[in-house]
Structure formats: structure tokens, C-alpha cells
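Chemist: for reference, the sequence and a predicted model appear below.
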Amino acid sequence: MPPRAKPGASPPPIASPDPRTLAGRVVLVTGGAQGIGRGIAQAVLGAGGTVAIGDLDGDAGRDCLKAWDVGARAVFTRVDVAREASVARWIQKLLRRLGRIDGLVNNAGIADPHGGPLATLPIECWQRVLATNLTGAMLCSKHAVPALRPVRGAIINIASTRAIQSEPDSEAYAASKGGLLALTHAMAVSLGPDVRVNAISPGWIETSAWQGPDRRRAPRLRAADHAQHPAGRVGSPLDIGALAVFLLSDAARFITGQNFIADGGMTRRMIYRP
């Protein structure tokens, strides 16, 4: 028989979700001016937080601030995550301006997974992808951790389903995203209990309409593209944003060192023919 409940040990009453989940918190999003990063940044703003986006594309960053029109709750800085000096200046500048860091989303990366055949892959291409996608996440985390520890903050690494499955000629990209998964659980153990660290691995996320002004276009999706997903559709940056907000929030206080696959069920679907 289970032990009898002690007096006063009843479950807490039902609580309504707080629409201001991240109110008063500052979240940094690298690569936050376009694509999935922009979706995450908008989700943070929607949850009541302040967002600081870092991106190499100045036009895209300025476009975000104009479109969002939220005043001091959104800040843009041009930053190269592959260069430690650039990252250090960015973090220091944000701390002077905003006073705190509650969350870091390591999203910046070279998005093209196809580097060409391994036998002819230039070492410069390999190093450039790893420097941005993997080393960049380490550098941003390294410089943000001193500010994250006192507030018991959170880090999210944006990996990919390509960390666990591949197409031909994608070695550099796959290695960088697989490395992010290992970096995630290593940092979770090293930084706990002060800082939680998790990863999100997106699948097919349609970002055509979420690019900078010079590259933005309407999505070109077929019914077949949606139908191959068990969830019934291709993903949106806001799908990843919603998951990121949860992992940054107090509701996820017991979750660390994990990888969350957000792919509409694609990695669970067996395909025997095209």
C-alpha cells in the first residue's frame, strides 16, 4: 500500500498559465535577425521578455527593430560569434545597457548543410562551419555564464535533426550539430544547478518569409511537403520559438541536459520508397 498522505501535503491548486512568462527577463538570441532566430526572438517578446539579438546582417537587424516597434525591449548588435573578441564586446555592451542576462539562445549558424563530397571538401569550409555553428555557441556561453549564474538562467543550443540523421555530402554541418548535442549535456553537468542547458533540434522549418529584407520571399511549399509530416504541415519559426520560451521559463526548472526534437514527427516516420 502507498504511504498515507501527511496533513498539509495536498497538491497545489490549479494555476492558470501566465501570459507574461518571461516578464522582466533578458534573453540573448544569436542569429536572431532572421530565420528561426527571429521566430525565437518574437516569441520571447510575446512572452513579455526583453530580447537582445546578435547577427552579422545589419539590415535584417534594423528591420526587426522597426517591425517589432517595442522600444527598449528589443536591442540589435552586429556580432560575429566565431570571433571571441566580438562575442566578449557584445556581452559586455549588453550588460552595461540592460543590466542582466537571464537566457541565451545559441542559434547563429551557417545554414547550408551541403558542403560537397568529402573527398574534395576544403578544410577551410569545414573549419568555417564548425567555428560558427559549434565554437560560436561555446564562446557565447563562456562569456554569458558569469551573468547567468546569479539569476539561475538558461541556455538553449539550436541543433538540428541532422545531428541524428543525414543526407550525402553534409559532413561539416552534421558534425557541428552533433557537437552541439554533446556540448549541451556537457555544459548542463558543468554548470548545474545554477544554469540549465538544453538543445532544440528543428526539422523542416520554412524560413523564406523570415529572412532579411533583401532575401525575403513567399514560401513555395507543395501539399506533398506538408503531407509527409505526421503533424500535417511543415514547421514555422514560431513553433521553435514556443518551445524555446517554455525551456527558458520557470516551468522547465527540472529540465536540463536534454535534446528536444521539433520536426512534426518526421524522424519517427519510416519511409521505404520516395
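Modeler: Happy to help now that I have it. Numbers count the residues shown, from 1 in each chain.

Chemist: for residue 260, give the beta-bridge partners.
Modeler: residue 200 (DSSP bridges).

Chemist: isn't it up against residue 244?
Modeler: No. The pair residue 260 / residue 244 is not scored as a contact, 9.5 Å apart, by CB atoms under 8 Å. Every residue, glycine included, has its C-beta placed from N, CA and C.

Chemist: mutual contacts of those two, please.
Modeler: residue 200 (CB atoms under 8 Å, 6 or more residues apart in numbering).

Chemist: got a list of what residue 197 touches?
Modeler: Counting by CB under 8 Å, 6+ apart, residue 197 touches 141, 154-157, 184-185, 187-188, 191, 256-257.

Chemist: picking that back up, looking at residue 260 and residue 244, which one has more neighbours?
Modeler: Neighbour count, other CB atoms under 10 Å: between residue 260 and residue 244, residue 244 has more, with 30 against 17.

Chemist: and which of the contacts of residue 197 is nearest to residue 231?
Modeler: For the contacts of residue 197, the closest approach to residue 231 (CB to CB) belongs to residue 156, at 21.2 Å.

Chemist: tell me which element that closest one falls in.
Modeler: strand 154-158 (DSSP states H and E).

Chemist: need the contacts of residue 197 in JSON lines (columns: distance to residue 267, pLDDT and neighbour count).
Modeler: Compiled in JSON lines, the contacts of residue 197 are given as follows (distance: CB to CB, whole Å; pLDDT from 0 to 100; neighbours: other CB atoms under 10 Å):
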{"residue": "141", "distance to residue 267": "26", "pLDDT": "98", "neighbour count": "21"}
{"residue": "154", "distance to residue 267": "25", "pLDDT": "98", "neighbour count": "26"}
{"residue": "155", "distance to residue 267": "23", "pLDDT": "98", "neighbour count": "28"}
{"residue": "156", "distance to residue 267": "19", "pLDDT": "98", "neighbour count": "28"}
{"residue": "157", "distance to residue 267": "18", "pLDDT": "98", "neighbour count": "27"}
{"residue": "184", "distance to residue 267": "17", "pLDDT": "98", "neighbour count": "25"}
{"residue": "185", "distance to residue 267": "19", "pLDDT": "98", "neighbour count": "16"}
{"residue": "187", "distance to residue 267": "24", "pLDDT": "98", "neighbour count": "24"}
{"residue": "188", "distance to residue 267": "22", "pLDDT": "98", "neighbour count": "20"}
{"residue": "191", "distance to residue 267": "28", "pLDDT": "98", "neighbour count": "19"}
{"residue": "256", "distance to residue 267": "22", "pLDDT": "98", "neighbour count": "21"}
{"residue": "257", "distance to residue 267": "20", "pLDDT": "98", "neighbour count": "15"}
